[in-house]
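Peer 1: I'd like to go over a predicted model; first the sequence, then the structure.
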Amino acid sequence: MVAGSVSGQKADDQAIFRTDTRLVVLHATVVDKSGHLITTLPQSAFQVYENGVQQQVKLFKREDIPVSMGLIIDNSGSMRDKRTKVAAAAVALVKASNKDDEAFVVNFNDDAFLDCEFTNNVPKMEQALSKIDSRGGTAMRDAIRMSIDHMRDKAKKDKKVILVVTDGNDNASMIGLESLVKLAQQSEVIIYAIGLLSEEERREAKRAKRALDALTEATGGQAYYPKELADVDRIAHQVAHDIRNQYTITYTPSNQALDGSFRQIRVVANGPGRPAVRTRTGYYATPDSINKSNGS
């Protein structure tokens, strides 16, 4: 949520007005029934609901907005033979993204390591991604938590995205899934995931899928489960295309109370191809979740 002061002034004897208001900003992906992006819908095609109550859209646009991105890559023992292709796919994602994006790299096993600070220097990212020390367990949730904290402290862009790549169930994190989902919703980060899950270890794969689905669905991202390792490059390009073709929808919530409650969000789009909308499922109405900004 964004708290801002909206002000305006025109010559021609028009009154100066100033109101303090709070805004909710949504980044929405729209696809047809075949999963293809729909990028030409007008504002009139969208309806936004908060806790079932329709909201008035204040700002609407579809443009390629630069993002702050975190690349969070599993470096546990089971990833040893996959890291080279996964690292190449992560670099492909960066190269296919907006030239004004910034990104950092976190490698994790049973601990998380910030191996590259925010940069748009691709060779620096490649160097960080080449740090293959595949050993130990999988602390994915802790790595995501660390990355969200780093986003909050260091990100320069308003739109924030995380891509996590892992091949197994988390077995070493301190933070639980429910707490992490809440933290992700409070931070307004969009999470994408690539799960390279084993068909042999079905119980572990099921747990891992549940976690990745929960995180991506809550934040408006997407989880992918490729059958072949070679598919990660195609998925990386798809994620970049998705991020660069989202609608930005801003509304002033009719309920302005900062009572700490969770506000459920639903966005509906009308148009050909039976469009489906993917965006975050809600937010917590708390003062500490608000970013101060001024607009005019």
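Peer 2: Right, received. Where do you want to start?

Peer 1: could you check how far the residue nearest to the spatial centre of the chain is from Cys116?
Peer 2: The centroid of the chain falls nearest to Ile190 when counting by Cα atoms, centre = their mean (1.1 Å). Distance from Ile190 to Cys116, counting by Cβ to Cβ, to the nearest Å: 20 Å. Bear in mind the C-beta positions are built from the backbone N, C-alpha and C, glycine included.

Peer 1: same question for Lys99.
Peer 2: Applying Cβ to Cβ to Lys99 and Cys116 gives a distance of 18 Å.

Peer 1: kindly report the same for Lys160.
Peer 2: Remark: distance between Lys160 and Cys116 (Cβ to Cβ) = 17 Å.

Peer 1: quickly list what the residue nearest to the centre of the chain is bridged to.
Peer 2: Val161 (DSSP bridges).

Peer 1: show me what contacts Ile65?
Peer 2: 27, 98, 157-159, 246, 248 (Cβ atoms under 8 Å, 6 or more residues apart in numbering).

Peer 1: repeat for Thr248
Peer 2: Applying Cβ under 8 Å, 6+ apart, the residues contacting Thr248 are 25-28, 59-63, 65.

Peer 1: kindly report the same for Glu201.
Peer 2: Gly168.

Peer 1: C-alpha coordinates for the helix ranked longest in the chain, CSV please?
Peer 2: Longest helix of the chain, by residue count under DSSP state H: helix 202-219. What follows is helix 202-219, C-alpha atoms only, in CSV (Å, rounded to 0.1, in the frame of the first residue of the first chain):
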residue,chain,number,x,y,z
ARG,A,202,6.8,-37.7,-4.7
ARG,A,203,6.1,-36.9,-1.1
GLU,A,204,8.9,-34.4,-0.9
ALA,A,205,7.9,-33.0,-4.3
LYS,A,206,4.3,-32.5,-3.2
ARG,A,207,5.5,-30.5,-0.2
ALA,A,208,7.8,-28.4,-2.3
LYS,A,209,5.0,-27.7,-4.8
ARG,A,210,2.6,-26.7,-2.1
ALA,A,211,5.1,-24.1,-0.8
LEU,A,212,5.9,-22.7,-4.2
ASP,A,213,2.2,-22.5,-5.2
ALA,A,214,1.3,-20.7,-2.0
LEU,A,215,4.0,-18.1,-2.4
THR,A,216,3.4,-17.4,-6.1
GLU,A,217,-0.4,-17.4,-5.9
ALA,A,218,-0.4,-15.0,-2.9
THR,A,219,1.9,-12.5,-4.6
